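coordinates only, no sequence provided:
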């Protein structure tokens, strides 16, 4: 099979060439499917988000200027599509407000410094939906709590509370404690 450069693939996709769209999809969809699964545990929903995202990728590919990696550009579209889905389907998220006293006594803040990222990522799927989504957006994607609150139409306090809840649960899981 002939190997094409990223530039050739992008140019082919800009021309709506199905061959290049398929090459792009096959190259990036496995990794991006894993990303969509981090926002919803439901595989069919994750596949729907992935398909909708790639339709947007193909529609907007002409705006990709080659600044930065294509993978990052596609990832951004995937994340925004997942956020749009979550905003429209709020009933799938569970927001648990933590009491202020509980919030203040929360866990060692060195979680991200002391743990293997792979171990954390493996446990993320076990978190409650709301906590998992906020953890992904804040700790992995780098959004601020203000940005998360605006995008998901929640309070900034809820975002912070869910992040702290996720951290606490992850620490317990990684320490081998029962979190139920």
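That came through fine. Nothing here was measured: the structure is a model prediction, and the numbers come from that model. Residues are numbered from 1 along each chain as shown.

domain ranges for this structure, per the record?
Using automatic domain parsing, the domain parsing of the chain gives 6-91, 93-174.

comparing these, which yields the minimum mean pLDDT?
With a mean of 76, domain 93-174 has the lowest mean pLDDT of the domains of the chain.

over to residue 39. Which of the three states is it?
When classified by DSSP: H, G, I helix; E, B strand; the rest coil, residue 39 comes out as coil.

from residue 170, how far out is it?
Using CB to CB, to the nearest Å, we find residue 39 at a distance of 17 Å from residue 170. C-beta coordinates here come from the backbone N, C-alpha and C atoms, glycine included.

still on that earlier bit, what would the domains of the chain look like in TSV with mean neighbour count?
Conversion of those to TSV gives the following (neighbours: other CB atoms under 10 Å):
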stretch	mean neighbour count
domain 6-91	16
domain 93-174	16
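
other SSEs contacting the helix or strand hosting residue 85?
Assessed by DSSP states H and E, residue 85 sits inside helix 70-88. Helices and strands touching helix 70-88, as assessed by 3 or more CB pairs under 8 Å, 6 or more residues apart in numbering; DSSP states H and E, comprise helix 18-37, helix 43-60, helix 145-152.

and residue 56, how far is that from residue 74?
In terms of CB to CB, residue 56 sits 10 Å off from residue 74.

now swap in residue 57 and tell me
6 Å.

one more: residue 134?
Here the criterion is CB to CB. By it, residue 134 lies 23 Å from residue 74.

likewise for residue 20?
Relative to residue 74, residue 20 is positioned 14 Å away (CB to CB).

on that earlier part again, could you give the angle of the helix holding residue 85 to helix 145-152?
60 degrees (axes from the mean of the first three to the mean of the last three CA atoms, to 10 degrees).

and for helix 70-88, what's in contact with it?
6, 10, 28, 31-32, 35-36, 39-40, 45, 48-50, 52-53, 56-57, 60, 64, 92-93, 133, 137, 141, 151-153 (CB atoms under 8 Å, 6 or more residues apart in numbering).

change it to 7 Å
Applying CB atoms under 7 Å, 6 or more residues apart in numbering, the external contacts of helix 70-88 come out as 6, 10, 28, 32, 35-36, 39, 49, 52-53, 56-57, 64, 92-93, 133, 141, 151-153.
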